[in-house]
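Student: Show me how the following folds:
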Amino acid sequence: MDTHEFTFVLASKPTGEELDVLFETGGSDATPETTGDGTSWLHFDREADSLAAALVSALGTIEHAGLQAMAVCSDDLVSLREIAKRTGRSYESVRLLAAGKRGPGGFPAPLSTDGWTLYSWAQVRPWFARHYPTSMQDRDELTFEHDRVIAAADHLVRARAILRGDDTATQLAKLLAVA
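Tutor: Model (predicted):
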């Protein structure tokens, strides 16, 4: 078994009683933190066969303690400047690739277009690895797999929080039926 590191964002600051239950029911590998703005996190160092299994297990522990996870901390949303930094390219080079004015085309679509244009690193990274492998040599496959699973888990945990108590969740679960 490997130890997997990740962080959940909580809906509210845990009470002492909730933390006691968390630690007593399998959450001794969690470290709570609350920032000055009131955001609360639980950092985990969870042993499991896979990162996905560790995330699911930790989420169960959180919910058993009566806490609600709102997200998984992720570095997935990136600007063109951040993409340039991570790939070792210039901002202008990345901007032209994203606009389809250079390169092979097919750059992943942005997730937002109003104001700051943001992309999913889990979508952009494989595009660069496929078309410009030398720019991705410093990022190993294990790091990429971790980033990819964390990004997916973040989206799923956010969806659970948004749809909590709603019949729509059952219908939308069919979207996850991947072949």
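
Student: Pop the domain breakdown of this structure in here.
Tutor: What automatic domain parsing lists as the domains of the chain is 2-73+142-176, 77-139.

Student: list the helices and strands the helix ranked longest in the chain packs on?
Tutor: Ranked by residue count and defined by DSSP state H, the top helix of the chain is helix 141-163. When contacts are defined as 3 or more CB pairs under 8 Å, 6 or more residues apart in numbering; DSSP states H and E, helix 141-163 packs onto strand 2-10, helix 51-64, strand 69-72, helix 121-131, helix 168-172. (Each C-beta comes from the backbone N, C-alpha and C, glycine too.)

Student: Turn these into TSV, including mean neighbour count, mean pLDDT and distance to Gly103.
Tutor: What follows is the helices and strands packed on helix 141-163, written out as TSV (neighbours: other CB atoms under 10 Å; pLDDT from 0 to 100; distance: least, CB to CB, whole Å):
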stretch	mean neighbour count	mean pLDDT	distance to Gly103
strand 2-10	18	96	33
helix 51-64	18	96	31
strand 69-72	20	96	31
helix 121-131	19	91	6
helix 168-172	11	78	35
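
Student: got the ones you listed as a markdown table, with distance to Pro110 columns?
Tutor: Conversion of the helices and strands packed on helix 141-163 to a markdown table gives the following (distance: least, CB to CB, whole Å):
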| stretch | distance to Pro110 |
| --- | --- |
| strand 2-10 | 23 |
| helix 51-64 | 26 |
| strand 69-72 | 20 |
| helix 121-131 | 10 |
| helix 168-172 | 23 |
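
Student: Nearest approach to Pro104 belongs to which of the ones you listed?
Tutor: Each of the helices and strands packed on helix 141-163 has some distance to Pro104 by CB to CB; the shortest is helix 121-131, at 5.3 Å.

Student: Report the angle between that closest one and helix 141-163.
Tutor: Angle of helix 121-131 versus helix 141-163, following axes from the mean of the first three to the mean of the last three CA atoms, to 10 degrees, is 150 degrees.
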